[in-house]
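# model this:
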Amino acid sequence: MGEFVDKVKGHTNEAIGKAKRAIGEATDRPDVTAEGDVQEAKGDLQKGAGSVKGALGDKI
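As a prediction, the model looks like this:
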């Protein structure tokens, strides 16, 4: 179950990060763009953690 939760959180954070980055670029706000980049990276890490959990059978 942890695998699924991590992957969903990862996809959510990735999507929100992409939206923030687009908003930051459209409004010329580098701070918002940076927040989006960070959140997107967090999502990538969460998806990776979910994949690892899946490979290990949720034993971590």
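
# ok, Gly50 to Pro30 distance?
Here Gly50 is placed at a distance of 31 Å from Pro30 (CB to CB, to the nearest Å). No exception for glycine: its C-beta is placed from N, CA and C like everyone else's.

# in what helix or strand does the residue nearest the centre of the chain lie?
Centroid-nearest residue in the chain, with CA atoms, centre = their mean: Gly43, separated by 1.3 Å. Assigned by DSSP states H and E, Gly43 belongs to helix 30-56.

# pretty sure Ile23 contacts Asp31?
No - if you go by CB atoms under 8 Å, Ile23 and Asp31 don't touch, sitting 11.1 Å apart.

# So for those two, which sits in the more crowded spot?
Ile23 (14 against 8; other CB atoms under 10 Å).

# List the residues that contact that one.
29, 32, 36 (CB atoms under 8 Å, 6 or more residues apart in numbering).

# One more: Val32?
Per CB under 8 Å, 6+ apart, neighbours of Val32: 20-21, 23-24.

# Counting only helices, which of these make the cut?
20-21, 23-24 (DSSP state H).

# What subset of those is buried?
20-21, 24 (16 or more other CB atoms under 10 Å).

# Among those, pick out the one closest to Asn13, please.
Within those, the smallest distance to Asn13 is 10.3 Å, found for Lys20 (CB to CB).
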